[in-house]
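**Q** here is a sequence together with a model predicted from it:
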Amino acid sequence: MERPFAVHNQSRRDPIRVRAGLNAGEAIKEADDFYGKNVILAARIAGQAQGGEILVSSLLKELTESAGDIAFGEGREVELKALAGRHRVFQLAWE
């Protein structure tokens, strides 16, 4: 997802910088809308990302790191709006 934007931005004065948050878990679908705790968590994680950054939940990192084909940066503790406590998120290394 970030790679096409990086290519697009090479020749632009005002680059498009997308930020994303990823989580794993069930979502509730109603018509064309998704909601539920896992959707909220992904949205809150996205809110912590900088432009050009993909952050993932500790659960998603744990579920995918054994494959060995995805690299993660060091985790950081963040507070997520309307969710109690601190949560560990990891930067997905896509470059």
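**A** Perfect, I can see it now. Numbers count the residues shown, from 1 in each chain.
**Q** switch to C-alpha atoms for all contacts and neighbour counts from now on
**A** Will do.
**Q** can you list contacts of stretch 88-95?
**A** Contact with stretch 88-95 is made by 2-3, 45, 53-58, 61, 70-78, as judged by Cα atoms under 8 Å, 6 or more residues apart in numbering.
**Q** give me that answer again for 6 Å
**A** Ile54, Leu55, Val56, Ser57, Ser58, Ala71, Phe72, Gly73, Gly75, Arg76, Glu77 (Cα atoms under 6 Å, 6 or more residues apart in numbering).
**Q** out of those residues, who has the most neighbours?
**A** Highest neighbour count within the contacts of stretch 88-95, by other Cα atoms under 10 Å: Leu55, with 28 neighbours.
**Q** for Ile45, see how far away that residue is.
**A** Distance of Leu55 to Ile45, computed by Cα to Cα, to the nearest Å: 7 Å.
**Q** who touches both of those two?
**A** Joint contacts of Leu55 and Ile45 (Cα under 6 Å, 6+ apart) are Gly21.
**Q** with adjacent residues omitted, what lies nearest to the most centrally placed residue in the chain?
**A** Centroid-nearest residue in the chain, with Cα atoms, centre = their mean: Gly21, separated by 2.0 Å. Spatial nearest neighbour of Gly21, excluding adjacent residues (Cα to Cα, 6 or more residues apart in numbering): Ala46 at 3.7 Å.
**Q** share the number of residues neighbouring that neighbour, please.
**A** Neighbours around Ala46, by other Cα under 10 Å: 22.
**Q** could you list every helix and strand that the helix or strand hosting it packs against?
**A** Using DSSP states H and E, Ala46 sits in helix 37-48. The criterion is 3 or more Cα pairs under 6 Å, 6 or more residues apart in numbering; DSSP states H and E, and the helices and strands that helix 37-48 contacts are strand 20-22.
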